[in-house]
Structure formats: C-alpha cells, structure tokens
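K.L.:
Sharing a model that was predicted from the sequence below.
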Protein chains: 2
Amino acid sequence: MTTSVRLALVGLGNVGRSFLELMVTKAPLLRERYDLELTLTGAADSSGAVMDAAGIDPIALREHKLRGGNAANFVRGVPGMSALKLAAQAPADVLLEASPVNLQTGQPGLDCVRRAIRRGMHVVLANKGPLVHAFGELESAAVAAGVGLAYSATVCGALPVVNIGRRDLAGCEIRTVRGIFNSTSNSILAAMARGGSYAEALRQAQLDGIAEADPTLDVEGWDTANKLVIIANSILRQPTTLADVQPVTGITGITPEDIRAAAAQGRVIKLVATATRPDPKGLANPSGLYRLSVQPEWLPADDFLASVNGWEMGIVFDTDIMGLQQFKVDERGPVPTAGAMLRDVITLVTAGNRKITP
Amino acid sequence: MTTSVRLALVGLGNVGRSFLELMVTKAPLLRERYDLELTLTGAADSSGAVMDAAGIDPIALREHKLRGGNAANFVRGVPGMSALKLAAQAPADVLLEASPVNLQTGQPGLDCVRRAIRRGMHVVLANKGPLVHAFGELESAAVAAGVGLAYSATVCGALPVVNIGRRDLAGCEIRTVRGIFNSTSNSILAAMARGGSYAEALRQAQLDGIAEADPTLDVEGWDTANKLVIIANSILRQPTTLADVQPVTGITGITPEDIRAAAAQGRVIKLVATATRPDPKGLANPSGLYRLSVQPEWLPADDFLASVNGWEMGIVFDTDIMGLQQFKVDERGPVPTAGAMLRDVITLVTAGNRKITP
C-alpha cells in the first residue's frame, strides 16, 4: 500500500531547491524502500506563493528559480501571497520550512510553523529561527495537536545530532556536549593555519561559495550558538534561548599569530560549543543547569574535535551509561541538509502516523 | 499518564545483570522523562526461570546471581523451566534476549524470539544469534504481528550504529560501510603495538576481563562478522548470512613484526569489517550486491578507523547525499550494552504503541 504525502515548501534558496531535486531523483528509492510517494502541493519564497492540489513539478520550479524566476511568476504563482497564507491554506500534510534564519524574531517562519501545527500538519524545519525563539511552545503545540515536529536538519545538516541525542541516548544523563557546528568558521580557521590572515581566508571562503556575503552569523559564533540552543532544548531538555549562551565569541579576533602560537604548543584553534554540567545538582551547581558557551579553544592534537578538519562538523557526547560517543561528518553544499529534511519526512510518515492519507 | 511496561529477561550474564541494575537506578529518570514504569515479571538463565506477575525485585535477583545463585533457586524459581517456556508464558509486554550468542544455530534465543513475536510481544535483543540466523524471518514476523523488533544493542553496544544506518541515513544510497566492531581484538592489537606477542596481549586482556576464556569468536573475526551480517540485513537491506562474509580473517596470525613493519610505513593494523558496492548495478557489479569481508588492514594514520583506539569501536558510512559520516565510541564493560537495551525499550514503548498497557 503506497503512502502518498503532500508537501508544502517554504523557502526556495539553496536548501529548498536541493530538496525539490531530491523529490525527483529519490522518487524510485522512496517507492521501493518505503512505499512512499511525495507530491509538492505548495511552495513559497519572498515574492509570493504557488499552490496546486494536483501537484507542482519540482524540477520545473527549481529550474525556474535557477533562471532567476520566483514563486510569484511561476505557473499559477500568486505575487505577494505570504508563506503564512500558504501554511494556512495549502492542501498539504507536511510543511517544510527552509527559509533564511531570522535571529531577531524567528519570523516569518515562526508564525508559519504555529499555523501549520494548528491545522494538524506535520512540520519539518531546516530553519533554526523558529526553534531558537520558541522551542518549548512549538514542541507543546505539536504534542497537543498530535503532529510531528522534526528538525534534524537544523544542527549539522545530515549528521543526525538531534536524533542521536534525543533517541539514541535515551535513558542517559549527558555530562558534557562539545562540538564544532559551523563549517564556514572551521574552514576559515583551517585556511589561516595554512597561512594568511583572517580577511584573506574569509575572502577565499566567499569566492569558494562557503561563506555568505554577510558572514556575521557564521564567524561571530551565532550560527553555532543557535545550534547549541536547539541541542540544549531538545537533547538536554533545558529551556534555553540565545541569551543563555555566554559567552558567544566568534573567530574574527583570531590572528595568524594565535594560530602559530597554538601550533607551537601542538594545539589547534577551533570554534567550540560547550554544554557542561560538571556536578549535577551538587554543591557546586545547585541549579543543576548546563552552562552553555561558544568560543575559540586551543585544543590538544589528540582531542577528537581537533580532528574535525576544514569542511567537517563534529560532536562529542560524554554520558553516564553509554560511554563517550564521538561523531563527525564531511558534507558539502546544501544537499545533505535537504537530505536531512527528506529523512525527517520519511521518519514522520513511516512511523505509522494515521494523519497521512493512505 | 504513566506507561507501565512488563519485561521478561532471558539471560542473566553480565549484560542481563547490568540491565537489572539499570531498571532500578534509572527508574526516577524514566518516570520523570518518559512517564515510564518498568516491571520485571519474568527472568531465565540456563538453570531455570522465574515468573511473577506482581513483579520480581531486579536488585535481589542480581545480587542472588552475584552470590552464585541462579534463576532456578531464586524465590519462586522453577528449576529446568526453559527460556522458551518463559517466552511463551510470561505475563510481559516485552521480551529481552541477552543470552550468549550461538553461532551454529542461534538457539535457544531464536525460538524464544519467534515465540514472543507470535504472542504479540515486543522483542529487544542483545544476543546477535537469532538475527544472524533468521533476520528476514524475524523482521517479517514482527511486521505481521504488529510488534517491535529492536536490536540496537547487538552492534557496538551503545553506539547507535543500527539506528543511524536505518533511520538517519533513510533516503541515502550507502556506498561503503567500514568499521571496527570488536573491542577485544582492537585492544589486543593496541597492546601488541606497545610491545609483546599476540599470546601475551591475549593473556593480559583475559586478566583484565576484556577477553573471554575462549576468545575464538572475538579474535577469529566471527563477532565482527556477526555484526556485519546484521548491518547488511538491516541497514543495507541485503539478505545475508555468515556464509556471505568472505573472507573472515581474525588477528591470530598478526605478529609483532607485522605491526612494526606497518608502523615503519606510518600505518596501524586494525581488524576491519567492510561492505562495499563500488558500482551499484553497473557493468562491474551486475548483481548490485555489496561485497562483505572481515580482515586485518594496514591503515594509514589519517584514516578515521586508525584513530579508533584500544577500547574503542567505530564505523564510517560513505553515502550519496549525506556525506561521509564517521562515528566512534569509548565504552567499557556490559553497562553500555544494557543501556542500549534500555534505549530500545524506551523507543518501542514511547512510539505511541497501543499494545502496551497504559
């Protein structure tokens, strides 16, 4: 029996367009392996939206965007129709949110997610903004509505950090989480280690398409902090916002001299996110809370995170009953993040959920 | 609303006894985090079995075993009552199978699992035997019966290899899997690298309680091959038995000279399991099948698996759309494997399954 699932996609940037491509290239595998058929019934970008219960051709939409078009001037596109309106009206089972992160308010993604959950749709996020601003609210709303809220794409793309932490470390107390979550910063530090200033390394990363034109989120540590906030809320079960991460220090102050001085001691400089609770609810830590920080660290060469090279991201969980678990990924471009959204769709609809039209 | 789950445990060795301990030490966390209450209603070892719908005290049973007692001479114990009879009669929702692996037939675990599934019980395995012998049969039977069959403890203990491969790499084509799955062999090789013969390293590992009195399964590569068979069936979806793994070569032929010669080339010798399909269904590989092998390899120092040290186990997945994912764990003793069984119980009963008494 084939499960047919209708998707509405908000955000047609790199990740959104890669997802459109995967919908087509992975269709045979989805049919064979999961008896699953995906149909795109809605899509929105900042120009407007398009809805069609009969299905939108993902490849045609992707190519339209690549040629400089947008949702508003696509077939049946409605200029000015907001993502929120799409979330409210699309004939879809799952809302996919892949619009750019808004660090200040989480909008407009946040309201889209709220609306979709209220309608009884599952939600899959690649956009961290809504979670960073309203994790607890959205999780409670999803439970109350009986829908799935999945966001494995928001932390390290295809590396299943959230899934491992929530599901596979179930039953554990996690003592410490440490990670390298931002490949732009990591590759800039690697380039500086090979010689050259921060400015030169940044410019090269921008030329290579790794760094954004405005790299502030990445290099000032905010992208890393966003991911740590999601980890704290979801895995560590500690209600957390960005203000709870202190300090958030990026890599813009790192000099070639720092890197050389570290190397002379056999160390490498990495931008490390840390959550630590050395003495759970003990005398030294009466709140029992994790302390959260993002800052450059001088790591000894035998630290696992020192082996997380240029393009890679990685994480270390130190647990009470499941040992020390260390993970890293070498992934490039937007496809792995789109792949993580696809994984979330598969997980939601193959978990026997009755809300999906059979 | 508290979910109350009744467990029957087959096998009271190191892993089984650790699970009994976790049932008690983790009870507050299970209640707080998952609203979950576990009750032991049956247990068996090779001497006999004990059943009690009112609940068996896990700590009392564990201490009884540690004092040299067994299931037969525990309170209400029935000498000679088989694990199979327990599986058939225990007033339980989940059967936990943690008895020793039987490489020849998978018995008696295999029949216990068959019987439990037929009764509509969930099954959680730490024992690889039943899966290695009858993976496809058991998976189909569980689907037909509408019960869960979980076995994340069977491959690398607490490292969630099976869960990552099946759930988190959903939608991927996996090109290659490579791993170090046997910590006994790995620690013997590490000891030999520090100096000393195979025989000396083995004896020390036995004194340290790492290696079994009969280490054949570990050092001849069969334990690694068992895990590869489970990975091939579950993650690669390729029906596989032990006979399909060729060669299975262990570490007993490795000499200190080999290790020194490798080191002189900047390499380390590791016992590596490999599943590879270089050209899926292409000209060079018309069957499209993965080739499976277990053998010592001379790894360059920058190979991730070369960094999987003494006690550790690790795995590398090379995928089409989710990059290169690399995982390792430093875990010791039986507790992490028991923790993995607990994780499976939590996953099964918190996935909204209606078969569990609410």
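P.N.:
Received the coordinates, thanks. The model shown is predicted, which means the values in this text are computed figures rather than measured ones.

K.L.:
Look up phi and psi at the residue nearest to residue A:276 when sequence neighbours are not counted.
P.N.:
Excluding its sequence neighbours, the residue lying closest to residue A:276 (Cβ to Cβ, 6 or more residues apart in numbering or on different chains) is residue A:176, at 4.6 Å. The way it works is simple: take the backbone N, C-alpha and C, and place the C-beta from them, glycine included. Taking degrees, to the nearest 10, you get phi -150, psi 140 for the backbone angles of residue A:176.

K.L.:
The stretch 251-358 of chain A: strands as residue ranges?
P.N.:
A:267-276, A:291-300, A:313-319, A:324-330 (DSSP state E, counting those that start in this stretch).

K.L.:
As CSV, these with distance to residue A:117, mean pLDDT and mean neighbour count would be great.
P.N.:
Shown next, in CSV, are the strands of the stretch 251-358 of chain A (distance: least, Cβ to Cβ, whole Å; pLDDT from 0 to 100; neighbours: other Cβ atoms under 10 Å in any protein chain shown):
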stretch, distance to residue A:117, mean pLDDT, mean neighbour count
strand A:267-276, 27, 98, 22
strand A:291-300, 27, 98, 19
strand A:313-319, 28, 98, 23
strand A:324-330, 29, 98, 24
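
K.L.:
Go ahead and name everything in contact with the lowest-mean-pLDDT helix or strand in chain A.
P.N.:
When each helix and strand of chain A is scored by mean pLDDT, DSSP states H and E, helix A:198-207 comes last, with a mean of 91. If you take Cβ atoms under 8 Å, 6 or more residues apart in numbering or on different chains as the criterion, helix A:198-207 is touched by A:184, A:187-189, A:191-192, A:196, A:211-213, A:215, A:219, A:251-252, A:254-256.

K.L.:
Give me the buried positions along that helix.
P.N.:
Buried residues in helix A:198-207, counted by 16 or more other Cβ atoms under 10 Å in any protein chain shown: A:198, A:201, A:202, A:205, A:206.

K.L.:
Leaving out sequence neighbours, find the closest residue to residue A:64.
P.N.:
Nearest one to residue A:64, counting by Cβ to Cβ, 6+ apart, is residue A:74 at 5.2 Å.

K.L.:
shouldn't the one you found be in contact with residue A:50?
P.N.:
Yes - proximity of residue A:74 to residue A:50 meets the contact threshold set by Cβ atoms under 8 Å, at 5.2 Å.

K.L.:
so what sits against both of these two?
P.N.:
If you check residue A:74 and residue A:50 against Cβ under 8 Å, 6+ apart, the residues they both contact are A:43, A:61.

K.L.:
SS state for residue A:105?
P.N.:
Three-state call for residue A:105 (DSSP: H, G, I helix; E, B strand; the rest coil): coil.

K.L.:
which residues touch it?
P.N.:
A:129, A:133.

K.L.:
rerun that using 10 Å as the cut-off
P.N.:
With contact set as Cβ atoms under 10 Å, 6 or more residues apart in numbering or on different chains, residue A:105 has these partners: A:111, A:129, A:130, A:133.

K.L.:
what about whatever residue of the stretch 1-150 of chain A ends up closest to chain B, how many residues close to it?
P.N.:
Going by Cβ to the nearest Cβ, chain B is nearest to residue A:26 of the stretch 1-150 of chain A, at 5.8 Å. Residues lying near residue A:26 (other Cβ atoms under 10 Å in any protein chain shown) number 22.

K.L.:
Residue A:67 too?
P.N.:
Neighbours of residue A:67 (other Cβ under 10 Å): 7.

K.L.:
so what's it up against?
P.N.:
Contacts of residue A:67 by Cβ under 10 Å, 6+ apart: none found.

K.L.:
any idea how far the nearest residue to residue A:193 once chain neighbours are set aside is from residue A:219?
P.N.:
Residue nearest to residue A:193 in three dimensions, not counting chain neighbours: residue A:259, with 5.3 Å by Cβ to Cβ, 6+ apart. Distance, residue A:259 to residue A:219, by Cβ to Cβ, to the nearest Å: 15 Å.

K.L.:
Between those two, which is the more surrounded one?
P.N.:
residue A:219 (26 against 22).

K.L.:
Let's see the pLDDT reported for the closest residue to the more buried one other than its chain neighbours.
P.N.:
Spatial nearest neighbour of residue A:219, chain neighbours left out: residue A:250 (5.0 Å); criterion: Cβ to Cβ, 6+ apart. Residue A:250 carries a pLDDT value of 97.

K.L.:
Thought residue A:18 was touching residue A:332, still the case?
P.N.:
No - the pair residue A:332 and residue A:18 fails to qualify as a contact (Cβ atoms under 10 Å) at a distance of 11.7 Å.

K.L.:
Neighbour count: these two, which is higher?
P.N.:
residue A:18 (23 against 13).

K.L.:
which ones are touching the more buried one?
P.N.:
Contacts of residue A:18 by Cβ under 10 Å, 6+ apart are A:62, A:98, A:126, A:333-339, A:341-342, B:321.

K.L.:
That one is in what secondary structure piece?
P.N.:
helix A:14-25 (DSSP states H and E).

K.L.:
now do residue A:5
P.N.:
strand A:3-10.

K.L.:
With just CA atoms, put that strand into PDB.
P.N.:
In PDB, the C-alpha atoms belonging to strand A:3-10 read as follows (Å, rounded to 0.1, in the frame of the first residue of the first chain):
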ATOM      1  CA  THR A   3       1.600   6.200   1.300                       C
ATOM      2  CA  SER A   4       1.000   9.400  -0.600                       C
ATOM      3  CA  VAL A   5       2.200  12.600   1.200                       C
ATOM      4  CA  ARG A   6       1.600  16.100   0.100                       C
ATOM      5  CA  LEU A   7       4.300  18.700   0.900                       C
ATOM      6  CA  ALA A   8       4.300  22.500   1.100                       C
ATOM      7  CA  LEU A   9       7.700  24.000   1.000                       C
ATOM      8  CA  VAL A  10       8.500  27.500   2.300                       C
END
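
K.L.:
Strand partners (parallel or antiparallel) of it?
P.N.:
strand A:36-45 (parallel), strand A:94-97 (parallel) (DSSP bridges).
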